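for reference, the sequence and a predicted model appear below.
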Amino acid sequence: MLKGKKILIGISGGIAAYKTPLLIRELIKRDCQVKVVVTQNALEFVTLTTLQTLSQNEVYYNMFSNNEYSTEHISLTDWADCFVVAPATANIIGKFANAIADCPLSTSFLAFDKDVFIAPSMNTKMYSNPLVKRNIHTLKENGINIISSTQGFLACGYEGEGRMQEPIEIVKFLKEFYSKKLELKDKTILVTAGGTQEQIDAVRYIGNNSSGKMGYCIAEELASRGANVILVSAKTHLEVQNNNINRINVVSSEEMFVQTTKHFPKCDVAILSAAVADYKPINQEKNKIKKAQTNLNLTLTPTKDILATLGKEKKKNQILVGFALETDDELENAKKKLINKNLDFIVLNSLNDKGAGFGTPTNKITIIDKNQKIEHFKLKTKEEVAIDIVNKLVSL
């Protein structure tokens, strides 16, 4: 999976930098091409001669050469397929998360627009600092892959979390990442996200509290594994990160129905995570309804059932996944929906679980498949939940 890849290695000024030459050596052994960019502090722990000898390339360590501005950080990022920063100190992580570009490594990071991997390394007290945690979370949210540190003895004498992964484990992480990237190659997958809006009049609508985050996380995870994703999205502040995602914006349940039924026949999989309104006003006023001192009665009619429609149209070679947000009799209601809508599996979340449902960065799910196999998952970030859902899809 790594053969022939052009890998840019970034080294910041931490004691774990002594391990990075071993990482370079492991990558060269796997027929990778390696170039290195470092901070000045990194050279306190590892020498230029060592890095240049092992990488078989010049090392970028000075932003200014002969008093002339250098654009080497741009050419390096054009050259590389991926960027691995190991070790990544609290200092460099803070710069990355806040778009500070004041050294060769941070400028290269900001100019890089492909896969980035960061292996944190620092004292355990620094690693557990909420500000550092926030910076790492910011990087994750922006598509940066974090190679989580491990527990162990640290150079400062402490024992705990903050130890950089061993070079062979970093290589293993890269191999697994790129093998996953091919899992869904040539697959076209339809995803719906967000909450639909059903207009009452020119300014008011019936809606729900869905942010669309769960659907967007699923779309990003699918795209990261090579799938071509069609994302039919209701209104949201979220943006897509992966170029493999084709976003189609809709507002109402009717618009979502039209787009999903249009694209489903050419898809291998459909994952419908959107919170689609069950009812809409029969009459939608073109102008604003004026306030009056009398009751306002709205007559509602059911919207078209998108999931049931796709379940009837589904071919043998297609996979259909639905969601169920329940408040009572959760498992039984989800099982009925699984059967009635002809789903391959259903993702259940309950509003009774703290941290699950709408408007939170986390979710707690249960997956039930058509063979009635039930898998319970603990509370996780929605990015992690998306991984569990896609893993289930891949296992079918």
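Received the coordinates, thanks.

T309 versus T260, what's the distance?
8 Å (CB to CB, to the nearest Å). All C-beta spots, glycine's among them, are computed from the backbone N, C-alpha and C.

more crowded one of the two?
A direct count of neighbours by other CB atoms under 10 Å for T260 and T309 places T260 higher, at 25 against 15.

what is the subsequent helix or strand relative to the helix or strand bottoming out on mean pLDDT in the chain?
Sorting the helices and strands of the chain by mean pLDDT, DSSP states H and E puts strand 68-69 at the bottom, at a mean of 46. The helix or strand immediately downstream of strand 68-69 is helix 72-79, counting by DSSP states H and E.

packing partners for that following helix?
Applying 3 or more CB pairs under 8 Å, 6 or more residues apart in numbering; DSSP states H and E, one finds that helix 72-79 makes contact with strand 6-11, strand 33-38, strand 59-60, helix 104-111.

how far off centre is that helix?
Put simply, helix 72-79 sits 25 Å off its chain's centre (CA atoms, centre = their mean, to the nearest Å).

okay, the angle between that helix and strand 6-11?
Relative orientation of helix 72-79 and strand 6-11, computed by axes from the mean of the first three to the mean of the last three CA atoms, to 10 degrees: 140 degrees.

average pLDDT for helix 72-79?
Helix 72-79 carries an average pLDDT of 82.

just the CA atoms of it, as PDB, please.
C-alpha atoms of helix 72-79 as PDB (Å, rounded to 0.1, in the frame of the first residue of the first chain):
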ATOM      1  CA  GLU A  72      10.500  25.500  -1.000                       C
ATOM      2  CA  HIS A  73       7.600  24.800   1.300                       C
ATOM      3  CA  ILE A  74       5.200  25.100  -1.700                       C
ATOM      4  CA  SER A  75       7.200  22.800  -4.000                       C
ATOM      5  CA  LEU A  76       7.600  20.200  -1.200                       C
ATOM      6  CA  THR A  77       3.800  20.100  -0.700                       C
ATOM      7  CA  ASP A  78       3.200  19.800  -4.400                       C
ATOM      8  CA  TRP A  79       5.700  16.900  -4.500                       C
END
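
who does the helix or strand just after that helix pair up with?
Later in the chain than helix 72-79, the nearest helix or strand by DSSP H and E is strand 82-88. If you go by DSSP bridges, strand 82-88 pairs up with strand 6-11 (parallel), strand 115-120 (parallel).

quick one: which of these is nearest S233?
strand 115-120 (24.3 Å; CB to CB).

hmm, who's touching stretch 366-384?
With contact meaning CB atoms under 8 Å, 6 or more residues apart in numbering, stretch 366-384 is reached by 140-141, 213-214, 217, 220-221, 330-331, 334-335, 338, 343-349, 353-356, 361-365, 385, 388-389, 392, 396.

so which bits of that stretch are buried?
Neighbour counts over stretch 366-384 (16 or more other CB atoms under 10 Å) mark T366, I367, I368, D369, F377, K380, T381, K382, E383, E384 as buried.

could those be laid out in JSON lines, adding distance to W79, pLDDT and secondary structure?
Shown next, in JSON lines, are those (distance: CB to CB, whole Å; pLDDT from 0 to 100; DSSP: H, G, I helix; E, B strand; the rest coil):
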{"residue": "T366", "distance to W79": "46", "pLDDT": "96", "secondary structure": "strand"}
{"residue": "I367", "distance to W79": "42", "pLDDT": "98", "secondary structure": "strand"}
{"residue": "I368", "distance to W79": "47", "pLDDT": "98", "secondary structure": "strand"}
{"residue": "D369", "distance to W79": "45", "pLDDT": "97", "secondary structure": "strand"}
{"residue": "F377", "distance to W79": "40", "pLDDT": "95", "secondary structure": "coil"}
{"residue": "K380", "distance to W79": "36", "pLDDT": "92", "secondary structure": "strand"}
{"residue": "T381", "distance to W79": "33", "pLDDT": "91", "secondary structure": "strand"}
{"residue": "K382", "distance to W79": "34", "pLDDT": "92", "secondary structure": "helix"}
{"residue": "E383", "distance to W79": "29", "pLDDT": "92", "secondary structure": "helix"}
{"residue": "E384", "distance to W79": "33", "pLDDT": "92", "secondary structure": "helix"}
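
ok, those vs D81, which is closest?
Distances from D81 to those, taken by CB to CB, are shortest for E383, at 23.0 Å.

quick check: the closest residue to I74 other than its chain neighbours vs I144, distance?
Using CB to CB, 6 or more residues apart in numbering and skipping the chain neighbours, the partner closest in space to I74 is A111 (5.5 Å). Note on A111: its distance to I144, by CB to CB, is 14 Å.
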